[in-house]
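Student: What follows is a predicted protein model with its sequence.
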2 protein chains.
Amino acid sequence: MKNKRIYLDHASSRPVLKEVFNFAKPYLMKKYGNPSSLYNLGLESQKALEEAREKIRFFINAENSKNIIFTDNATESNNIAIRGTAIRNLNDGKEIISSSIEHMSVINPMKDLQKNGWTYNQIPVDNFGFINYDKLNELLSKKTIVTSIMYANNEIGTIQPIKKISEIVHDKGKYLHVDASAAIGYLPVDVQRDDIDLLTFSSNDIYGPRGAGILYIKPGVKLQSIMPGGGQERGIKSGTENIFSIAGMGEASKIIKNEIKSESERLTIIRNKLIKEISKIDRAFLTGHPKKRLPGHVSFIFNNIEGESILLNMDMYNIQIATGSACSHKTLEPSHVLLEIGLKHEEAHGSMVMTLGKSNNIDQIPLIVKAVNDTVERLRKLSPL
Amino acid sequence: MKNKRIYLDHASSRPVLKEVFNFAKPYLMKKYGNPSSLYNLGLESQKALEEAREKIRFFINAENSKNIIFTDNATESNNIAIRGTAIRNLNDGKEIISSSIEHMSVINPMKDLQKNGWTYNQIPVDNFGFINYDKLNELLSKKTIVTSIMYANNEIGTIQPIKKISEIVHDKGKYLHVDASAAIGYLPVDVQRDDIDLLTFSSNDIYGPRGAGILYIKPGVKLQSIMPGGGQERGIKSGTENIFSIAGMGEASKIIKNEIKSESERLTIIRNKLIKEISKIDRAFLTGHPKKRLPGHVSFIFNNIEGESILLNMDMYNIQIATGSACSHKTLEPSHVLLEIGLKHEEAHGSMVMTLGKSNNIDQIPLIVKAVNDTVERLRKLSPL
């Protein structure tokens, strides 16, 4: 008999919450008006769009709901934030910066700009994954248009001190963009408290349907569209709005905001217990910082075994985990994040990442720990190393 | 008591089909795996993704399912098709062409390229909306990388002879891109029969959920990504795939393919009857071609009244129609399409567009005709002209 699923890969994908689904469902088959249409059916969609915008504004404490732009997902938000500001402000400078452990949807647009004449610098990180503040300070200049630093890392869980980084960036440079995809829903994101210029996350990061993401744009930030067309979303992101996903994202943000504190405390307890138990395994090493990490984040490397084999073995226990970058499992390259925190290639190959969420509870811990123990033992017996 | 809704704005937005919803629903809350994940839950999503791709391939008779790229919507597909080919092939030439009546998601990316040094020419159209073939032939050169001509126009319904246009374009130029958003589901689109290089439409155009669109890319076409990131969809369109919308789009294409012939015949009968009756109204003029038009498309201008007033009046009868561009109702500018077919500004302001679909039937004709008659009569009484 198959065990009940224990899903531990929330950074990669999440089920839509039942309440979110029920809230958004009417926009598929009943309230299907285009929000640009002037008849009542269209105005209903327009209203749903603006209500969702207001919920997101409240969720991240933005100045005004008009500072929230709906996109299709975080990849698109990251692309708009980086290319949209770099191209719009090129007369003020052509320098861009990111940390060395950003998601590829930050690194690749920056590399594209580099090919087109921009100067792109990566800030190295220490063994825990914290960026090098001195190096950041050194590389920043008044020509630095956009600096992109993620709120927390999806592979090692490390939380950056965004407020401190914001101060360093604004001392010399122009805009700070923060990819909050891994942090949102776990940490109380507040764009005004941390003085963030651009912020990104997607609906599914907070258990909403895919097909929506947001880009927060602080008042005064100059940015141009990279998706021209019908002129929706203040002309920044054209295309008829996906009201089902947008309404769902808004409702998800409302639900998550209400429970973020208690849920993060609950997940921190499970996380700490899992880290404690898994650390007992021979040649198992925690990656990222032991304390300054996401509440639901457990990441290890195991010497002499392959992450892919761990993943497949764990799936036989009906436990889903990740290894390496959540979005590039198919590549044979080890995760750039693990290499950047100083691991060797062969070490980086043996990584296991667990990202916890609503379906997880304290009773699952013994099953998870046993599955990891058995898996590591079995694979090491098979390993030629 | 409110009348039962008669929705006549399918070009603007469509309800998702019940069967499509039922098919795709599991991917929201149950089968939520990321298709890049290697465990079974991820492989299930991967399978759904490839099955949808195969359904779309079959729908438009593409050579291979790998020639179908999933995007978020037609606006994105148009942007990728145009900017992706123009930038990738700039060493072969920097000339681009479109008709003068394309959607803004074709015209605006081309204007953006024009600002960056490309030569952009628009092909004029005649009073019916057919492009000027001589002018196209004259403007084409071997430096023309991409020529974008829509299959049929959303505002006036005119169907371009795509096969003939394809021959003219390929005689001198490189790629033909066809925006099939308005035609798909009404006409049997076949990319091989018509020798089309790039083709665009969105899920909602065929009663699928928003959040998915496709770009067909003929084998051999050179195109680069404009959305770099995690490398999904052959590296052309990064971002975790929206399986709910993609699976829904695939299923919708299967359903629509099976009934396209009978449904188009059915809608042609209703269309012809509506055109005949509305033509009897004083100073009412059909726009577009009377015969070579989309099966479900009825478009008129009424002298001396405002399209927006027609729309709002018709909504009081619970009948939803469009006026001007489906995606830019909020602008006060008259539709560029109506100006391009030779109408004066004041004429273009009095436009009414009906786009029929599955919910419409022959019994609705008298109600629609009476509402139009009453509306036009009432508005003309109020008009100072």
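Tutor: All right, it came through fine.

Student: Isn't A:R210 up against A:N242?
Tutor: No: A:R210 is not in contact with A:N242 according to CB atoms under 8 Å; the separation is 9.5 Å. For the C-beta atoms, the positions are set from N, CA and C on the backbone; glycine is no exception.

Student: Check the contact lists of those two and give me the overlap.
Tutor: Each of B:G211 lies in contact with both A:R210 and A:N242 under the rule CB atoms under 8 Å, 6 or more residues apart in numbering or on different chains.

Student: Show me which of these two is the more surrounded one.
Tutor: The residue with the greater number of neighbours, taking A:R210 and A:N242 and applying other CB atoms under 10 Å in any protein chain shown, is A:R210; the counts read 32 against 29.

Student: what sits against the closest residue to that one other than its chain neighbours?
Tutor: Distance criterion CB to CB, 6 or more residues apart in numbering or on different chains; nearest residue to A:R210, sequence neighbours excluded, is B:N242 at 4.0 Å. When contacts are counted by CB under 8 Å, 6+ apart, B:N242 is found next to A:D72, A:N73, A:R210, A:G211, B:D72, B:G211, B:A212.

Student: what does the stretch 51-200 of chain A put close to chain B?
Tutor: A:72-76, A:78-79, A:103-105, A:108-109, A:111-112 (CB under 8 Å from any CB of the partner chain).

Student: mind listing what's buried in the helix or strand of chain A with the lowest mean pLDDT?
Tutor: Of all helical and strand segments in chain A, the minimum by mean pLDDT, DSSP states H and E falls on helix A:345-348, at a mean of 90. In terms of neighbour count (16 or more other CB atoms under 10 Å in any protein chain shown), helix A:345-348 has its buried residues at A:E347, A:A348.

Student: can you tell me which two in the contacts of B:N242 are farthest apart?
Tutor: A:N73 and B:A212 (12.1 Å; CB to CB).

Student: so what sits against both of the two?
Tutor: Common contact partners of A:N73 and B:A212 (CB under 8 Å, 6+ apart): B:D72, B:N242.

Student: With adjacent residues omitted, what lies nearest to A:I217?
Tutor: Once its chain neighbours are removed from consideration, A:I217 has its nearest residue in A:N67; the separation is 5.5 Å (CB to CB, 6+ apart).

Student: Let me know whether the one you found touches A:R57 as I believe.
Tutor: Yes: here A:N67 reaches A:R57: they are 7.1 Å apart, a contact under CB under 8 Å.

Student: For burial, what's the neighbour tally of the nearest residue to A:Y317 once chain neighbours are set aside?
Tutor: With sequence-adjacent residues excluded and distances taken as CB to CB, 6+ apart, A:Y317 is closest to A:A371, at 4.1 Å. Residues lying near A:A371 (other CB under 10 Å) number 22.

Student: need the contact list for A:A371.
Tutor: Contacts were defined as CB under 8 Å, 6+ apart; by that measure A:A371 touches A:M314, A:Y317, A:I319.

Student: tell me which element it falls in.
Tutor: Here A:A371 is covered by helix A:365-382, with elements defined by DSSP states H and E.

Student: show me what contacts the residue nearest to A:E63 when sequence neighbours are not counted?
Tutor: What sits nearest to A:E63 in space, not counting adjacent residues and going by CB to CB, 6+ apart, is A:P219, at 5.8 Å. By CB under 8 Å, 6+ apart, the contact set of A:P219 is A:E63, A:N64, A:N67.

Student: could you flag which of the residues you listed are buried?
Tutor: Judged by neighbour count, with buriedness set by 16+ other CB under 10 Å, the buried members of these are A:N67.

Student: any chance you could map the strands in chain A?
Tutor: Along chain A, counting by DSSP state E, strands occupy A:6-7, A:68-71, A:95-99, A:119-123, A:144-148, A:175-179, A:198-202, A:213-217, A:284-286, A:297-302, A:319-320, A:351-355.

Student: List the buried residues of the second one.
Tutor: Spelled out, it's strand A:68-71. For strand A:68-71, using 16+ other CB under 10 Å, the buried residues are A:I68, A:I69, A:F70, A:T71.

Student: coming back round to it: got the contacts of A:P219 as JSON lines, with pLDDT columns?
Tutor: Listed next are the contacts of A:P219 as JSON lines, based on pLDDT from 0 to 100:
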{"residue": "A:E63", "pLDDT": "98"}
{"residue": "A:N64", "pLDDT": "98"}
{"residue": "A:N67", "pLDDT": "98"}
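
Student: so where is the stretch 1-150 of chain A shaky, pLDDT-wise?
Tutor: When the per-residue scores of the stretch 1-150 of chain A are filtered using pLDDT under 70, the ranges that remain are A:1-2.

Student: For A:N108, which non-adjacent residue is closest in space?
Tutor: The nearest residue in space to A:N108 (CB to CB, 6+ apart) is B:P228, at 3.5 Å.

Student: Quick check, A:A348 in contact with A:L338.
Tutor: Yes: under the criterion of CB under 8 Å, A:A348 is in contact with A:L338, at a separation of 3.8 Å.

Student: Next, show the common contact partners of these two.
Tutor: Between them, A:A348 and A:L338 share the neighbouring residues A:I301, A:G324, with contact defined by CB under 8 Å, 6+ apart.

Student: okay, now A:R266: neighbour count?
Tutor: 18.

Student: One more: A:G342?
Tutor: For A:G342, the neighbour count with other CB under 10 Å is 14.
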